[in-house]
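Q: Generate a structure from the sequence data that follows.
(chains A and B)
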2 protein chains.
Amino acid sequence: MTNASICTIGDEILIGQIVDTNSSRISRALEEIGIKVTRMLSIGDDSGEIIGNLENELRHSGIVVTTGGLGPTKDDITKAALAKLSGSSTYIENPVQLEIIHSILQARGLDVLDINKAQALVPDTCEVIPNRLGTAPVMVFRFPEERFGHPATLYSLPGVPFEAIGALPNVIEDIKAHTPLTDIFHKCVMVAGLAESALSKLIEPWEDSLPDDIHLAYLPNQLTGVRLRLSIYGGDKEEEERRIDECFALLKPILGDMIYSYTDDTLQNAVGALFRGTGMTLSAAESCTGGMISSLITSVPGASEYYLGSVTSYAVAVKEKVLGVNPETVKEYGVVSSEVAAAMAEGVRRLTGSTYSVATTGLAGPGGDERNPVGTVWIGMSGPNGTATLKKVYKNDRKRNIERFTSAALDALRLFVLKDLNS
Amino acid sequence: MTNASICTIGDEILIGQIVDTNSSRISRALEEIGIKVTRMLSIGDDSGEIIGNLENELRHSGIVVTTGGLGPTKDDITKAALAKLSGSSTYIENPVQLEIIHSILQARGLDVLDINKAQALVPDTCEVIPNRLGTAPVMVFRFPEERFGHPATLYSLPGVPFEAIGALPNVIEDIKAHTPLTDIFHKCVMVAGLAESALSKLIEPWEDSLPDDIHLAYLPNQLTGVRLRLSIYGGDKEEEERRIDECFALLKPILGDMIYSYTDDTLQNAVGALFRGTGMTLSAAESCTGGMISSLITSVPGASEYYLGSVTSYAVAVKEKVLGVNPETVKEYGVVSSEVAAAMAEGVRRLTGSTYSVATTGLAGPGGDERNPVGTVWIGMSGPNGTATLKKVYKNDRKRNIERFTSAALDALRLFVLKDLNS
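A: Numbers count the residues shown, from 1 in each chain, chains lettered A, B, ... in the order given. So this is what the prediction gives:
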């Protein structure tokens, strides 16, 4: 099995100003093709440190992936260090990347400066994978066996997470084309509505019954629930995938509709799948979630087919005036109540004329009292067959509470619509 | 100056299941007392790897902080590896930690098993800092100069972030008591409205004029613009901070209102600062940004003081019916136009009665045509002195375009309100 090291370069990581999320993303992508990451390293923007540490990693691993230090400004010195490491003193211009630089900057209405153009220059010792999402290309340095005791390849990716992740598929393709790999098969199910520990308890007998060569991983996410992934190393693709499907078939009677997808998916996408092509429409009324439900729903390409819009009624007056919530209801039950959640859901449905709607009213924090402690949310769902509400209580900080509320509302909406479709 | 390495131990980090947030927190705490972290490393639960890598880090740095691998289960082997590294074969029981273990487990209604009690056993080569938040104590190993070429100390912390961060103050106290320290001073400014490269070009003469001992870093962020940070190692706090302030004072005439804060800040916070305590209120009308502007505004604690709410008018009918945009305006100018952005901003202001409003209408993608290519956004701002609009064009994928639109809208709103306040 080929080993890999990941090395993030940049003072901003070392001084703790930025949390490195690239390494885990890259590691998961490598793992999916059967490459094991044995070390992750973060170092600063210092030429000697970069060269010394990367030589060490290349001795240690057949594949080294770096991110960062490729920006146009003076403090970014990864490229010069890699030139030195690979024995190059000549830079050549990559015409594809130069073209991309021009089109990116022109689209932003910016002049193409010399420091921008210089980003298309790469050491003559590397191959280039153009980066369509940013100005710095991916550089690939291949070292012969005699240099580090084994053939070794270094991939230098940009540090901006969006660009690094965007470049990953091409990097993975290059690795697959140049590295002898053991096949690995993965399949996953997405589960909403249960914390990792409760889920683990519930499916323990199923987990214990899994064949020895099938590995289970729990991949929890604040917004999308828990991804359960089964993996097999080696074997025949069709046969192994059939065996994994058999295992998941046994999971369905245990989890039911808590399973919302059999691919790596999001709740907003699962909601979208219920509406797409049906002619049914959706709207939202938000209070404590502040726009995040709407923001996630519209993050799905093509959401305009079924999503009409939302009202964020942060002020009580907007709840009453725009959504038509009765002031007496607010007075009698309080803003954070089942009654107000229902009235908000019904109000935005009336306002937009949508088939379905979802609403939230709660307390993300700070504040709160005995009846409604911080972390309390009421979720309302309204549709052609009526209105329902649901209360959830979480115990996180403001940011995490808002995310939890949003995720719970999308899941509640999904189950609400699903119930109508199945009836 | 004393250098430090941070080493996180655990397979779950290497396979990308967990994003390591401990390292950045520990780094910031070390940096505040003038200790420079020069390397961060993540390795797996393997005894040989742990010993080899930690010996290497101890040769490299006077202080090594590890987290992880201290749990009660078999896969956690950091303690045994540290015993071996420090030449210990005898474990002694720490009575304070044993007491804590009993009280934590009893509070959770759990029996105290032998594997739990074993967590109070530590190698006789270490000192203990009790951990009141968890069952595994912090272990401190002090190595004499002859072992690694300099005096070196290793701190082993638990991996659970809540426990690691909770233990930090005591670790920092111990470091301060045992290490000669150099101070370090940082200050930053937040700049909006310019890409990193354009900013760099604009402030190049200023950058070149900085004193040699003052270091500049560019820290760009999709949503909050570019953070410029100046750092000085050593010297007198008051004097050095005054020198940094002098440098920033020379930057102000160059960047003007593009500087929106002198602390690590966000645009939504800068907007909030303009409204807080003034009695002025704010609303938003979103189309292509889908709720993200509202979501960011409400991410600021206390936003309810000035933020009334928003309408996400994804469907044209909602723009017309809820926001009162004239259907003729849409017909004549198209949905993505200055006229519709202005009408949306005015409409939501009328609807909510807010002092100011901001609106977006654009194309995040996919789709688009020659007149309005993907990445085009019109931003409208309305207030007591009138309405203004602004067009921006970006060239990213859907997700990034939405983020860019949102950031541009918050910045346009900020400058719009600022203009009124300064007039």
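
Q: going forward, measure contacts between C-alpha atoms and count neighbours the same way
A: Fine.

Q: Return the residues of the stretch 201-350 of chain A in contact with chain B.
A: The interface of the stretch 201-350 of chain A toward chain B, taken as CA under 8 Å from any CA of the partner chain, is made up of A:219, A:289-295, A:297-299, A:301, A:304, A:307-315, A:318, A:322.

Q: All the helices of the stretch 151-300 of chain A, residue numbers only.
A: Secondary structure of the stretch 151-300 of chain A (DSSP state H, counting those that start in this stretch): helices located at A:161-178, A:196-202, A:204-208, A:237-255, A:267-275, A:292-297.

Q: hey, which of the ones you listed is tucked in deepest?
A: helix A:292-297 (a mean of 26; mean count of other CA atoms under 10 Å in any protein chain shown).

Q: Alpha carbons of that helix, as CSV, please.
A: Extracted in CSV, the C-alpha atoms of helix A:292-297 (Å, rounded to 0.1, in the frame of the first residue of the first chain):
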residue,chain,number,x,y,z
MET,A,292,-29.7,29.9,6.9
ILE,A,293,-32.5,27.6,5.8
SER,A,294,-33.2,29.7,2.8
SER,A,295,-29.4,29.9,2.1
LEU,A,296,-29.0,26.1,2.1
ILE,A,297,-32.1,25.5,0.0
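
Q: From the chain's centroid, how far away is that helix?
A: 15 Å (CA atoms, centre = their mean, to the nearest Å).

Q: cool, and stretch A:366-378?
A: 29 Å.

Q: now the end-to-end length of it.
A: 17 Å (CA to CA, to the nearest Å).

Q: Can you mark which positions in it are buried?
A: A:N372, A:P373, A:V374, A:G375, A:T376, A:V377, A:W378 (16 or more other CA atoms under 10 Å in any protein chain shown).

Q: Double-check the fifth one against A:K391; I have them as touching.
A: Right, the one you point to is A:T376. Yes - assessed by CA atoms under 8 Å, A:T376 is found in contact with A:K391 at 7.3 Å.

Q: ok so, going back, buried subset of the residues of the stretch 201-350 of chain A next to chain B?
A: A:219, A:289-295, A:297-299, A:304, A:307-315, A:318, A:322.

Q: Which of these fall in strands?
A: If you go by DSSP state E, these have A:L219, A:Y307, A:L308, A:G309, A:S310, A:V311, A:T312, A:S313 in strands.

Q: how much space between the third one and A:I6?
A: Using CA to CA, A:L308 is found at 44 Å from A:I6.

Q: How many neighbouring residues does the nearest residue to A:A388 once chain neighbours are set aside have?
A: Leaving out its chain neighbours, the residue that sits closest to A:A388 by CA to CA, 6 or more residues apart in numbering or on different chains is A:M381, at 5.3 Å. The local packing of A:M381 (other CA atoms under 10 Å in any protein chain shown) involves 31 other residues.

Q: The one 10 residues further on too?
A: Number of residues near A:K391 (other CA under 10 Å) recorded here: 18.

Q: my guess is it is in a strand, correct?
A: Yes - using DSSP: H, G, I helix; E, B strand; the rest coil, the secondary structure at A:K391 is a strand.

Q: Verify the stated contact: it with A:I379.
A: Yes - counting by CA under 8 Å, A:I379 is a contact partner of A:K391 at 6.3 Å.

Q: Which neighbours do those two have in common?
A: Counting by CA atoms under 8 Å, 6 or more residues apart in numbering or on different chains, the shared contacts of A:K391 and A:I379 are A:S338.

Q: Isn't A:L70 up against A:T78?
A: Yes - between A:L70 and A:T78 there is a contact under CA under 8 Å: 6.0 Å.

Q: Next, A:V128: secondary structure please.
A: Looking at A:V128 with three-state DSSP, the answer is strand.

Q: In which helix or strand does the closest residue in space to it that isn't next to it in sequence reside?
A: Spatially, and ignoring its direct neighbours in sequence, A:V128 is nearest to A:M139 (4.9 Å; CA to CA, 6+ apart). Using DSSP states H and E, A:M139 maps to strand A:138-143.

Q: what's the angle from the longest helix that chain A contains to helix A:267-275?
A: In chain A, with assignment by DSSP state H, the single longest helix is helix A:398-422. Counting by axes from the mean of the first three to the mean of the last three CA atoms, to 10 degrees, helix A:398-422 points 20 degrees away from the direction of helix A:267-275.

Q: Run through the bridge partners of A:A152.
A: Counting by DSSP bridges, A:A152 is bridged to A:F143.

Q: Look up how far chain B lies from it.
A: Noted for A:A152: a distance of 20 Å to chain B, by CA to the nearest CA, to the nearest Å.

Q: What of A:P144?
A: Distance from A:P144 to chain B, by CA to the nearest CA: 26 Å.

Q: Could you find the closest non-adjacent residue to that residue?
A: A:P151 (5.1 Å).

Q: hey, where'd the strands end up in the stretch 1-150 of chain A?
A: Secondary structure of the stretch 1-150 of chain A (DSSP state E, counting those that start in this stretch): strands located at A:3-9, A:36-43, A:63-67, A:91-93, A:121-123, A:127-129, A:138-143.
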